[in-house]
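Engineer: sequence below, structure please.
(one chain, ligands or ions: 1)
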Amino acid sequence: MRTIRRHRSATGTELLLGRCNRLRMSRVRMLLVCLCGMLAMALTLGFYLSSNDTSDDNDSIHMDDNIQFRVPDLIRDKLTHNPRRSTVAQIKRLVGQVNSGRLWYSLLRPILVERLPGTRGSRRVREHIYSHLEFLSAGWSLEVDSFNSATPKGLITFSNLLAVLDPSAPRRLLLACHYDSKAMPPASQTPDGPLRRFLGASDAAVPCAMILELVTALDVHLKVLKQQKSQVTVQLVFFDGNEAFEQPSPSDSLYGSRYLADQMSRTPHPPGAEHTTLLNALDLFVLLDLIGAPDPMFVNHFDNTVRWFDELVYAERRLHKLGLLSSHPREVSYFRKDLNLGPVEDDHVPFLQQGVPVLHMITTPFPSFMHTLEDTMEHIHSQTIENLTKVLVVFLAEYIGL
Ligand SMILES: [Zn+2]
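Structural biologist: Below is the predicted model of the structure:
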């Protein structure tokens with residue numbers, strides 16, 4: 001027992017000593033572990049701090065990289081952009097929102113007055129367009145951009161009306177028309193009859209009304225598009241001063257479009273960008289003009305936008321097959337790829353000259369009543385403009401992926 005006790009005692013002492021040693025060892029180990037941990041933390045912190053020390057450089061490199069990338073992105077993205085196909089049900093739902101009565105009475109009629117630049121008629125039409133867009137739920141950013149320009153009639157004040165759905169979006173699809181009317185001497189049909197003035201129904205009251213109907217029909221969808229912060233937004237431009245006061249020339253015509261193209265070429269986009277401007281943001285410049293006569297024909301004018309002209313052909317064909325167009329006897333009646341009539345001078349020219357891709361939707365040959373007092377509502381074919389608005393609804397919806 002003693003042996004056992006001694007042994008126990010001896011063993012206990014040894015154990016006690018061993019425990020003490022182990023305790024000391026474990027404290028040393030703990031100390032070492034703590035030191036190692038602190039060392040590791042210090043190294044990590046040091047590495048982190050040293051990373052942060054150079055983070056400005058790194059960030060600037062990344063930012064530079066981004067800026068470097070933004071330039072080709074604006075270009076590359078527009079070139080590689082593809083429409084998002086709508087289903088038959090979606091197409092029916094979208095074009096079902098086109099309201100020909102609203103287009104004809106609420107939107108077109110108030111534009112059918114003489115509206116020479118700088119006059120009360122011009123201001124009233126501008127207010128009509130502005131108040132309609134302001135009323136929509138999509139939340140357009142509206143701007144009246146006025147400027148003075150020398151003309152053969154002296155200094156005239158012109159006013160472009162601009163509407164952008166989401167000004168912060170990187171890219172834009174631009175839809176444009178001109179709302180001014182041509183200065184022409186009034187005349188009366190009978191010697192003592194009332195004076196008739198040039199109203200320019202097809203030139204270009206109808207295109208302006210079509211654009212208004214287009215964004216009205218798609219209002220709810222455009223509101224959602226804006227909320228989703230889409231990469232591509234929509235810009236509308238209602239140009240002033242398209243018409244010449246005398247014979248059209250580079251200095252006497254396209255007052256509004258020349259001014260806007262110049263303004264956009266001077267506006268950095270995104271804000272603060274050094275190498276890109278609002279012109280680079282334009283995916284496509286879609287210009288509507290001389291629309292409203294029955295049986296119109298539209299041809300492609302530019303090779304670099306032929307695939308977007310094809311989209312118009314395809315939209316017309318699909319709507320015809322679905323029975324959604326009226327007074328439309330043939331599958332492809334309006335948009336003709338088999339003809340090439342050459343370019344036409346219009347508001348797209350100042351943008352085209354700066355490299356903006358253009359889709360020019362202008363009736364060719366021109367309507368027989370162009371630049372005559374007969375360009376009135378009586379010569380406008382309501383089913384045609386309803387059909388063309390439906391084609392544009394499909395085109396726009398698929399372009400921006402509504
Ligand atoms: Zn004209």
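
Engineer: and for Leu162, the neighbour number?
Structural biologist: 21 (other Cβ atoms under 10 Å). C-beta: built from backbone N, CA, C; applies to glycine.

Engineer: likewise for Asn82?
Structural biologist: Asn82 has 9 nearby residues by other Cβ under 10 Å.

Engineer: from Leu142, how far out is it?
Structural biologist: Distance of Asn82 to Leu142, computed by Cβ to Cβ, to the nearest Å: 30 Å.

Engineer: where do the strands sit along the chain?
Structural biologist: 141-151, 154-164, 171-178, 232-239, 282-289, 298-299, 335-336, 358-362 (DSSP state E).

Engineer: can you redo those strands as JSON lines with distance to Ile385?
Structural biologist: Output for the strands of the chain, formatted as JSON lines (distance: least, Cβ to Cβ, whole Å):
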{"stretch": "strand 141-151", "distance to Ile385": "24"}
{"stretch": "strand 154-164", "distance to Ile385": "20"}
{"stretch": "strand 171-178", "distance to Ile385": "12"}
{"stretch": "strand 232-239", "distance to Ile385": "17"}
{"stretch": "strand 282-289", "distance to Ile385": "10"}
{"stretch": "strand 298-299", "distance to Ile385": "13"}
{"stretch": "strand 335-336", "distance to Ile385": "15"}
{"stretch": "strand 358-362", "distance to Ile385": "12"}
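
Engineer: where do the helices sit along the stretch 151-300 of the chain?
Structural biologist: 206-217, 219-227, 255-265 (DSSP state H, counting those that start in this stretch).

Engineer: for the longest one, list the C-alpha coordinates in PDB.
Structural biologist: Which is helix 206-217. The C-alpha coordinates for helix 206-217 follow below in PDB (Å, rounded to 0.1, in the frame of the first residue of the first chain):
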ATOM      1  CA  VAL A 206     -48.900  63.000 -88.300                       C
ATOM      2  CA  PRO A 207     -45.400  61.700 -87.500                       C
ATOM      3  CA  CYS A 208     -45.500  63.800 -84.200                       C
ATOM      4  CA  ALA A 209     -49.000  62.500 -83.400                       C
ATOM      5  CA  MET A 210     -47.800  58.900 -84.100                       C
ATOM      6  CA  ILE A 211     -44.900  59.300 -81.700                       C
ATOM      7  CA  LEU A 212     -47.200  60.600 -79.000                       C
ATOM      8  CA  GLU A 213     -49.600  57.800 -79.500                       C
ATOM      9  CA  LEU A 214     -46.700  55.300 -79.500                       C
ATOM     10  CA  VAL A 215     -45.500  56.300 -76.100                       C
ATOM     11  CA  THR A 216     -49.000  56.700 -74.800                       C
ATOM     12  CA  ALA A 217     -49.900  53.200 -75.800                       C
END
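
Engineer: any idea how far it is from the chain center?
Structural biologist: From the chain centre to the centre of helix 206-217 is a distance of 15 Å (Cα atoms, centre = their mean, to the nearest Å).

Engineer: any weak-confidence spans in the chain?
Structural biologist: Of all residues in the chain, those with pLDDT under 70 make up the ranges 1-72.

Engineer: isn't Ser188 right next to Leu195, touching?
Structural biologist: Yes. Counting by Cβ atoms under 8 Å, Leu195 is a contact partner of Ser188 at 5.4 Å.

Engineer: quick one: the helices in the stretch 301-402 of the chain?
Structural biologist: Secondary structure of the stretch 301-402 of the chain (DSSP H, counting those that start in this stretch): helices at 306-321, 349-352, 382-400.

Engineer: which one, of those, ends up nearest to Leu260?
Structural biologist: Closest to Leu260 of the helices of the stretch 301-402 of the chain, according to Cβ to Cβ: helix 349-352, at 7.7 Å.

Engineer: how many neighbours does Phe239 have?
Structural biologist: By other Cβ under 10 Å, 28 other residues sit near Phe239.

Engineer: many thanks, I have nothing further to ask.
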